[in-house]
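**Student:** Take this sequence and fold it.
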Amino acid sequence: MKHISSISSGVMLGSAGIAMMSILSGCSQDKQQQEAQNKFLVIEQQPNGKYKVVEEMPTEGPSRAIIRERDENGNVTERFMNEAEMKALAEQEYKKVEEGTSETVQSGAGDAGMGLAGTILAVAAGSLLGNMIGNALMNNKNFARNSASANRSAYSRSKTSSTTRRSSSSRRSFFGSNSKRTSSSSYSRSYGG
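**Tutor:** Residues are numbered from 1 along each chain as shown. Presented below is the predicted three-dimensional model:
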């Protein structure tokens with residue numbers, strides 16, 4: 001009887017552990033989504049008149065941006081843009097996406113930068129218009145490529161490199177070897193054959 005009770009208590013502990021892990025992972029996913037929704041951006045006008053994001057940080061407050069622009073003499077001025085202004089520009093650009101006229105979905109448009117509305121949509125679509133729209137846009141290869149090239153911030157580069165590291169490490173087998181290696185070649189190496 002003791003053996004049966006220890007098995008059942010082990011099963012209960014295992015079930016409790018799984019339930020706790022799912023609760024904790026749900027909390028961390030909610031937190032990640034909340035962090036992803038709010039952004040503080042610094043967007044800089046390039047010499048060609050187009051814009052690129054030079055700084056991006058998650059923020060607990062509403063999304064907002066500092067826009068650095070050049071006047072006719074080449075002097076840089078900064079202005080603040082609140083979330084409502086950013087959202088209005090993103091919505092205007094999203095209408096162009098639906099019409100097929102937005103530079104965010106054109107091939108190679110983001111390499112030299114984009115207009116201010118396109119840059120804001122490319123970098124903050126999910127936070128300003130909702131995750132469903134953001135995910136739908138990121139499924140467009142041109143949009144995803146333009147979004148990446150419009151964002152020169154260190155934060156964006158670190159997110160991209162950690163995603164790349166995670167995906168490359170997932171290609172390894174359980175024992176740490178590459179999945180491309182066949183079992184016969186590892187057998188012959190191990191046993192001198």
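**Student:** What is the burial count for the residue nearest to A109 when sequence neighbours are not counted?
**Tutor:** Excluding the flanking residues, the one nearest A109 by Cβ to Cβ, 6 or more residues apart in numbering is E103, at 4.2 Å. Any C-beta I mention is one placed from the backbone N, CA and C, and that applies to glycine too. Residues within reach of E103, counting by other Cβ atoms under 10 Å, total 23.
**Student:** does E103 really touch G113, like I thought?
**Tutor:** No. Applying Cβ atoms under 8 Å as the test, E103 and G113 come out as separate, 9.7 Å apart.
**Student:** Let me see the ranges of the helices in this structure.
**Tutor:** 2-37, 83-99, 116-129, 131-138, 141-150, 154-169, 183-190 (DSSP state H).
**Student:** rank those by pLDDT, which is bottom?
**Tutor:** Across the helices of the chain, helix 183-190 has the smallest mean pLDDT, namely a mean of 44.
**Student:** ok, L137 - how many residues close by?
**Tutor:** 22.
**Student:** if I look at it, how far off is A117?
**Tutor:** L137 is 14 Å from A117, where distance means Cβ to Cβ, to the nearest Å.
**Student:** cool, F40 as well?
**Tutor:** F40 is 18 Å from A117, by Cβ to Cβ.
**Student:** Counting neighbours, go ahead and name the busier of those two.
**Tutor:** More crowded of F40 and A117, by other Cβ under 10 Å: A117, with 21 against 17.
**Student:** one step back: contacting residues around the residue nearest to A109?
**Tutor:** Contacts were defined as Cβ atoms under 8 Å, 6 or more residues apart in numbering; by that measure E103 touches 109-110, 114-115, 118, 146.
**Student:** from those, which is closest to K96?
**Tutor:** G118 (8.3 Å; Cβ to Cβ).
**Student:** from memory the closest one sits against E93, does it?
**Tutor:** Yes. The criterion here is Cβ under 8 Å, and G118 meets it with E93 at 5.5 Å.
**Student:** who's more crowded, these two?
**Tutor:** G118 (29 against 24).
**Student:** Return the distance of the more buried one relative to K39.
**Tutor:** Counting by Cβ to Cβ, the gap from G118 to K39 is 16 Å.
**Student:** Ok, Q45 next?
**Tutor:** In terms of Cβ to Cβ, Q45 sits 19 Å off from K39.
**Student:** So for the two, which sits in the more crowded spot?
**Tutor:** Between Q45 and K39, K39 has the larger neighbour count (other Cβ under 10 Å), namely 24 against 18.
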